[in-house]
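A.B. asks: Sequence below, structure please.
(one chain, ligands or ions: 1)
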Amino acid sequence: MRKPFVAGNWKMNTDSHSSVNLAKAIVSASVEIAGESVAVAVCPPFVYLQAVTTAISTSSIAVGAQDLYYEQKGAFTGEISASMLKDIGCAYCLCGHSERRHVIGEQDELINKKVTAAISGGLLPILCVGELLEERQANKTTEVVTRQIKNGLAGLSVEKVSAVTLAYEPVWAIGTGLTATPQQAQEVHALIRGLLAEMYDSHLAEEIRILYGGSVKPGNAAELMGQRDIDGLLVGGASLNADDFVAIIQAAV
Ligand code: 13P
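C.D. replies: Just a heads-up that it's a prediction; the model follows:
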């Protein structure tokens, strides 16, 4: 049985005060459900990670980073390693978010190194995949998502892949208010689960969590979560408002 998982990706938002206040407000409003019935994580910007992990260390809400670098240490100016993230109390790390793929220019090969390094460093990677609008319109969704998953997980054993959470985030639905319909999302989630069964085995495919992301709001969360293969939600904009994020957590139970 897959426990639902809701993660908030704060992207490049908040400041030193609002990050801590937001995290505390989420903790206090979700104390009854977070941890027990639904796993919850927040992913603040790097510079606020430590303040947030300290502020909510006694809660059952986990903290994740939005990115990492795959080397362990050394002359990599501006980069952050898995061990540094682990050191300050991070549990999760997003890898291959669409904004890193399409704004920063990350490719599958780099993303695969990041997923691998996250696992080796004791973090739980959330590998994000999803097609662009023109790819969907050209009927290339299956091809793109299959390539991103195969390349993103390349070289990882079944044991290592069991540390991974996948997130399907159609790029055209991110920050646009255009949510994939529950049926559109379910179709891709089922495709991903089938692919994992082919690549690994049916046990892993049934155990692994696949989140949906892209304009998730309190009003559409329950219907998305009602789909067989949607195990959780990766929330951007709505995770910056504690009431909305907690309403989404409640809808996921
Ligand atoms: P929005 O919820 O703002 O569309 O962002 C989704 C996302 O990119 C989460 O990682």
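A.B. asks: With the flanking residues excluded, which residue is spatially nearest to residue 217?
C.D. replies: Once flanking residues are discounted, residue 217 sits nearest to residue 238: 5.2 Å by CB to CB, 6 or more residues apart in numbering. Using the backbone N, CA and C atoms, a C-beta is placed for each residue, glycine as well.
A.B. asks: and that neighbour, how many neighbours?
C.D. replies: 20 (other CB atoms under 10 Å).
A.B. asks: That one: what secondary structure?
C.D. replies: Reducing the assignment to helix, strand or coil with DSSP: H, G, I helix; E, B strand; the rest coil, the entry for residue 238 is helix.
A.B. asks: So it sits against residue 216, correct?
C.D. replies: Yes: Residue 238 sits in contact with residue 216 when judged by CB atoms under 8 Å, with a separation of 6.2 Å.
A.B. asks: Pull up the overlap in contacts between these two.
C.D. replies: A shared contact of residue 238 and residue 216, defined by CB atoms under 8 Å, 6 or more residues apart in numbering, is any residue touching both; here these are residue 248.
A.B. asks: Next, see if stretch 51-69 gets close to the ligand.
C.D. replies: No: using CB under 6 Å from any ligand atom, we find that stretch 51-69 stays clear of the ligand, coming within 8.5 Å at best.
A.B. asks: So which residues make contact with the helix or strand residue 192 falls within?
C.D. replies: Counting by DSSP states H and E, the element that carries residue 192 is helix 182-199. The contact list for helix 182-199 (CB under 8 Å, 6+ apart) reads 129, 141-142, 145-146, 149-150, 153, 161, 166, 168, 170, 180, 204-206, 208, 210, 212, 223-224, 226-230.
A.B. asks: now, which of these lie within strands?
C.D. replies: Of the positions in these, 129, 166, 168, 210, 212 sit in strands, assigned by DSSP state E.
A.B. asks: so who does the residue nearest to residue 217 touch?
C.D. replies: Taking CB under 8 Å, 6+ apart as the definition of contact, the neighbours of residue 238 are 216-218, 244-245, 248.
A.B. asks: among those, which are in reach of the ligand?
C.D. replies: If you filter the contacts of residue 238 for contact with the ligand, counting by CB under 6 Å from any ligand atom, you are left with residue 216.
A.B. asks: Name the residues of the helix holding residue 192 that come out as buried.
C.D. replies: Within helix 182-199, the residues that qualify as buried by neighbour count (16 or more other CB atoms under 10 Å) are 182, 185-189, 191-193, 195-196, 199.
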